[in-house]
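Student: give the three-dimensional model of this entry:
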Amino acid sequence: MLNRYIRLFNTIKYLKPIQIKYRLYYLVRKKIRVFLGKRYSFSKDSNCNSLNLRNSVHIIDSYHGKNHFNFLNLEKSFNRTIDWNYFEHGKLWTYNLTYFDYLSQENHKEHLSLINSFIENIEQLKDGLEPFPLSLRGINWIKYLSLNNINNKKINDSLYAQYYILMDNLEYHLLGNHLLENGFSLLFGAYYFNDEVLYQKSKEILLEQLEEQILEDGGHFELSPMYHQIMLFRLFDCINLLQNNMWQENDFLEFLIKKSELMLGWLENISYKNGDIPLFNDSACGIAPTSGQLFEYAHRLNVKTDKTSLSQSGYRKISKKNYECIVDVGHIGAGYIPGHAHADTFNFELRVKGEPFIVDTGLSTYETNDRRTLERSTASHNTVEVKCKSQSDVWGGFRVGNRANIIDLKERKNSIQATHDGYKKDNIFHTRKWCFDENKIVIEDSLSEPVDAIARFHFAPSVREEEILRIFKIKNNGFKIKNYEYSSEFNVRRVAFVLEIEFNHSLVVEILNLEK
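Tutor: Numbers count the residues shown, from 1 in each chain. Now for the predicted structure:
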């Protein structure tokens, strides 16, 4: 019990005062409102204008007609009516059902009936009325209604009421990408309904949060390449909105463009030559627009790339003729909202001749369960685990207690060396050095004191055991090749190989023959 309270304290101590304030405020307010029987109104008289918008980005077809949905690789067909509170596939699936991203699918006659079904059942909604799905739904409805020149009083009045529910529940208790999504959506609501109150709150959030959340090198501070793509996509949609609808002043548009140019530069730096992203932290395929889609969208919006290099985000990319290697020598991000962070300091990915070779093990679930804990653990990353412990205390699905910090970083033209303190409670400090030659990578791991440790290297499912044995040279250590489950998408697992090397003080691994 005591350890539980210590872990909770070590998690809470990183929060900002505003997060604690709003957690308490929303908790107390909810109890008072339940006692008084206060309920929201789900229709608010509106006066709106259809917006001018360029085509945006469509990510994936998730609606297949006749109430049949597929989100996160999990399907569900509803019979006569849609259960908008359906929970058997988990909360994230329910969120996706109520985001209405599928409205961007072309030539589907049932879109309006889906919106009307949602409105008819809105008073019974649970997860779908939370501020995060409400924010995404607002943008998706407005884009759909505007692009299709639909002016429906019932829908507009429902949406206007939803925006004022959002205004009453802004996610200051979380901050991070959640509050940014609130701000992006309020901007769409403000323009659609010509609402100055929504506009001023949106502008306040976006000015403050984009300054806070976009790092000097352009990376989003939660350090997930997938969430970076999502935030950049939303920023592009807001630029699209402001470029084509002259309701307010242009200085805000210039601010948004400058931030998007920084983010675009980071995405260009972190993406592989074919446009794929490394699956660091909470990242998966099929959720965000691809880098290629975002580069095309930027071109349509006439947004240029700010040519920066990777620095503050803690990632580095080394590109040689025959390989690309991306390494993580950064801190947990962001300190006060680390829900998408993993215990993965000194993790790295390696592509050889454009093909995945050493990979991050990926992300298959957001459910709070053993699989989620495993995927966030040090053992699931290409780094060193000491005494069967994770470097950072990841727990509870989206929590991090004590965490590893980089305490030394040295960079040369063809080498990177860093030390972290994730095991300082055991008086152990881990140093890793990468040396990059044209056709060879040497990785040196050293621990400040002799202790049982395991270095792991996870391979793409296409990599065979004989290839591992041919390319890896391990000095003075035994090793094992085992199976693990690789998850490049939610709810999809593929068997692949992991190389485990036990050592107790120092280890040298050579990755050879990268020209073959």
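Student: neighbours around Lys321, how many?
Tutor: 9 (other CB atoms under 10 Å). (Glycine included, C-beta is placed from N, CA and C.)
Student: name the surrounding residues that touch the helix-or-strand element of the chain with minimal mean pLDDT.
Tutor: Using mean pLDDT, DSSP states H and E, the weakest-scoring helix or strand in the chain turns out to be helix 2-12, at a mean of 87. Here helix 2-12 makes contact (CB atoms under 8 Å, 6 or more residues apart in numbering) with 20, 393, 395, 399-402.
Student: just the ones of those residues in helices?
Tutor: Ile20 (DSSP state H).
Student: show the buried residues in the contacts of helix 2-12.
Tutor: 393, 395, 399-402 (16 or more other CB atoms under 10 Å).
Student: quickly find the element holding the residue nearest to Thr383 when sequence neighbours are not counted.
Tutor: Nearest residue to Thr383 in three dimensions, chain neighbours excluded: Phe346, at 4.3 Å (CB to CB, 6 or more residues apart in numbering). With secondary structure defined by DSSP states H and E, Phe346 is part of neither a helix nor a strand.
Student: Ser488 belongs to a strand?
Tutor: Yes: counting by DSSP: H, G, I helix; E, B strand; the rest coil, Ser488 is located in a strand.
Student: so it sits right up against Ala284, yeah?
Tutor: Yes: contact criterion CB atoms under 8 Å: Ser488 and Ala284 qualify, at 6.6 Å.
Student: returning to what we had before: just the CA coordinates for the least confident helix or strand of the chain, please, in CSV.
Tutor: Output of helix 2-12 as CSV, limited to C-alpha atoms (Å, rounded to 0.1, in the frame of the first residue of the first chain):
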residue,chain,number,x,y,z
LEU,A,2,2.8,2.4,0.9
ASN,A,3,4.6,1.8,-2.4
ARG,A,4,1.3,2.6,-4.2
TYR,A,5,1.1,6.0,-2.5
ILE,A,6,4.8,6.7,-3.3
ARG,A,7,4.2,5.8,-6.9
LEU,A,8,1.2,8.1,-7.0
PHE,A,9,3.2,10.9,-5.4
ASN,A,10,6.0,10.4,-7.9
THR,A,11,3.4,10.8,-10.7
ILE,A,12,1.5,13.8,-9.4
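Student: so what sits against both of Ser488 and Ala284?
Tutor: Shared contacts of Ser488 and Ala284 (CB under 8 Å, 6+ apart): Gly362.
Student: please enumerate the helices of the stretch 401-516 of the chain.
Tutor: With DSSP state H, counting those that start in this stretch as the criterion, the stretch 401-516 of the chain has helices at 465-471.
Student: now do the helices in this protein.
Tutor: 2-12, 17-36, 91-99, 111-120, 131-147, 153-167, 176-193, 196-213, 225-244, 251-270, 291-301, 370-376, 465-471.
Student: which parts of the first one are buried?
Tutor: By that I understand helix 2-12. 7, 11.
Student: and the residue nearest to Thr383, how many neighbours?
Tutor: 28.
Student: tell me who's in contact with it.
Tutor: 327-329, 383-384, 418, 420, 430, 432.
Student: returning to what we had before: which one of the contacts of helix 2-12 sits closest to Tyr323?
Tutor: Nearest to Tyr323 among the contacts of helix 2-12 is Val400, at 31.5 Å by CB to CB.
Student: nearest residue to the closest one other than its sequence neighbours?
Tutor: Using CB to CB, 6+ apart, the closest residue to Val400 is Pro338 (4.1 Å).
Student: I figured the one you found hits His331, correct?
Tutor: No: the criterion here is CB under 8 Å, and Pro338 misses it with His331 at 9.7 Å.
Student: who has more neighbours out of those two?
Tutor: For Pro338 versus His331, the count of surrounding residues by other CB under 10 Å is larger for Pro338: 24 against 20.
Student: what does the pLDDT read for that one?
Tutor: As predicted, Pro338 sits at a pLDDT of 95.
Student: how close does it get to Phe221?
Tutor: Distance, Pro338 to Phe221, using CB to CB, to the nearest Å: 10 Å.
Student: thinking again about what came up before, what sits against the residue nearest to Val400?
Tutor: 14, 222, 332, 399-400, 403.
Student: which among those residues gets closest to Lys91?
Tutor: Arg399 (16.0 Å).
Student: now do the contacts for the closest one.
Tutor: The contact partners of Arg399, taken as CB under 8 Å, 6+ apart, are 11, 338-339.
Student: can you list the weak-confidence ranges in this structure?
Tutor: Within the chain, the segments meeting pLDDT under 70 span 516.
Student: repeat that with 50
Tutor: For the chain, no stretch is flagged by pLDDT under 50.
Student: taking the centroid of it, which residue is nearest it?
Tutor: Residue closest to the mean C-alpha point of the chain, counted by CA atoms, centre = their mean, is Tyr227 at 3.0 Å.
Student: surely it and Phe221 touch.
Tutor: No: if you go by CB under 8 Å, Tyr227 and Phe221 don't touch, sitting 9.8 Å apart.
Student: before we move on, back to that, need the contacts of Arg399 in JSON lines (columns: distance to His68).
Tutor: Shown next, in JSON lines, are the contacts of Arg399 (distance: CB to CB, whole Å):
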{"residue": "Thr11", "distance to His68": "40"}
{"residue": "Pro338", "distance to His68": "37"}
{"residue": "Gly339", "distance to His68": "31"}
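Student: and these, which is closest to Leu53?
Tutor: Taking these together and measuring to Leu53 by CB to CB, the closest member is Gly339, at 31.5 Å.
Student: can you count the residues close to the closest one?
Tutor: Gly339 has 20 nearby residues by other CB under 10 Å.
Student: alright, calling it a day.
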